[in-house]
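Asker: Fold the following.
(one chain, ligands or ions: 1)
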Amino acid sequence: MTLEASKLTCRRGDLELFAGIDAVVAAGDALRVAGGNGSGKTSLLRILAGLSPPEAGEVAWQGRNIRRIRDQFNSQLVFLGHALGVKDELLAWENLVMAMTLAGRRLGPDEAIDALEAAGIGHIADLPGRALSEGQRKRVALARLPLLFDRPLWILDEPFAALDVAAIKDLIAVIDRHLAGGGMLVYTTHQDVFLQAARQGLLDLGKTPERPDAC
Ligand SMILES: Nc1ncnc2c1ncn2[C@@H]1O[C@H](COP(=O)(O)OP(=O)(O)OP(=O)(O)O)[C@@H](O)[C@H]1O
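Answerer: Reported below is the predicted structural model:
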């Protein structure tokens, strides 16, 4: 299994965020995308997940352009972006059911509550999204991960942000299990975290590019 990015260029208006980016992620690999605020990390992750088109270059899954195998690619992918998709009006367990439904999986209420308990947040299962703290919302969103070990490619934007020390440790354990089972991870973080993956890559986008007309 391989995700391969070739010569990716991303432009936002007049600003070229990055150009000529190459990356290969294979089974068991973790690739960290680093860089300053506004350097283009989220933009790159969205391109790798097929959510935005690159200005130039291509992303291939198993050697085929992801735009040509969209459904097949999506069935192999877990993407968790800044917008966690936790709805204010749904209870925490209902949010998990909804996330799994969107991933094409049926999850019953008891299974959802079990999954939240396993994630250490069973006590908030019956709270509506609007009553959750930022870290709790994040943990509700992350609770889908152990249910999706069979999806090889996880693309996670700032998964550790807003988590407390224990939750970070739990998430590292989930990710390590995913990678040990041949899963793949592309992620961003502003915190240093220590994963067990044998092969860990770093793609540093550097500082925020200056606008061409900046003085
Ligand atoms: N839809 C958009 N339209 C216009 N500009 C955008 C859009 N999305 C992002 N940008 C700009 O592109 C640049 C990179 O944004 P991006 O979110 O990829 O950065 P980042 O490296 O993830 O930043 P951070 O570390 O702050 O999360 C920023 O200057 C941002 O304002």
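
Asker: Let me see the domain layout of this structure.
Answerer: Here the domain assignment for the chain is 1-76+152-214, 85-148, based on the TED database.

Asker: Could you work out the end-to-end span of the last one for me?
Answerer: For domain 85-148, the separation between the terminal residues is 17 Å (C-alpha to C-alpha, to the nearest Å).

Asker: Mind pulling the model confidence for the most centrally placed residue in the chain?
Answerer: Nearest to the mean C-alpha position of the chain, by C-alpha atoms, centre = their mean, lies residue 156 at 1.6 Å. Looking at residue 156, its pLDDT stands at 98.

Asker: can you tell me how far it sits from residue 144?
Answerer: Here residue 156 is placed at a distance of 11 Å from residue 144 (C-beta to C-beta, to the nearest Å). (Each C-beta comes from the backbone N, C-alpha and C, glycine too.)

Asker: what would the domains of the chain look like in CSV with distance to the ligand?
Answerer: Shown next, in CSV, are the domains of the chain (distance: least, C-beta to the nearest ligand atom, whole Å):
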stretch, distance to the ligand
domain 1-76+152-214, 3
domain 85-148, 15
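
Asker: and the ones you listed, which one's lowest on average pLDDT?
Answerer: domain 1-76+152-214 (a mean of 93).

Asker: in the chain, which spans are strands?
Answerer: For the chain, the strands defined by DSSP state E occupy 2-12, 15-26, 29-34, 56-61, 64-65, 77-80, 153-157, 184-188, 199-204.

Asker: These: which one's closest to residue 44?
Answerer: With C-beta to C-beta as the criterion, residue 44 lies closest to strand 29-34 of the strands of the chain, at 5.7 Å.

Asker: got the buried residues for the closest one?
Answerer: For strand 29-34, burial by neighbour count (16 or more other C-beta atoms under 10 Å) applies to 29-33.

Asker: Find residues that contact each of residue 156 and residue 144.
Answerer: When contacts are counted by C-beta atoms under 8 Å, 6 or more residues apart in numbering, residue 156 and residue 144 are jointly contacted by residue 78.

Asker: which other residues reach the longest helix seen in the chain?
Answerer: The single longest helix within the chain, with elements called by DSSP state H, is helix 165-180. Contact with helix 165-180 is made by 28-30, 119-120, 135, 138-139, 142, 145-146, 149, 154, 159-160, 163, 185, 191, 193-197, as judged by C-beta under 8 Å, 6+ apart.

Asker: again, only using 6 Å
Answerer: 28, 30, 139, 145-146, 149, 160, 196-197 (C-beta atoms under 6 Å, 6 or more residues apart in numbering).

Asker: Check those residues for burial and list the buried ones.
Answerer: 28, 30, 139, 145, 160, 197.
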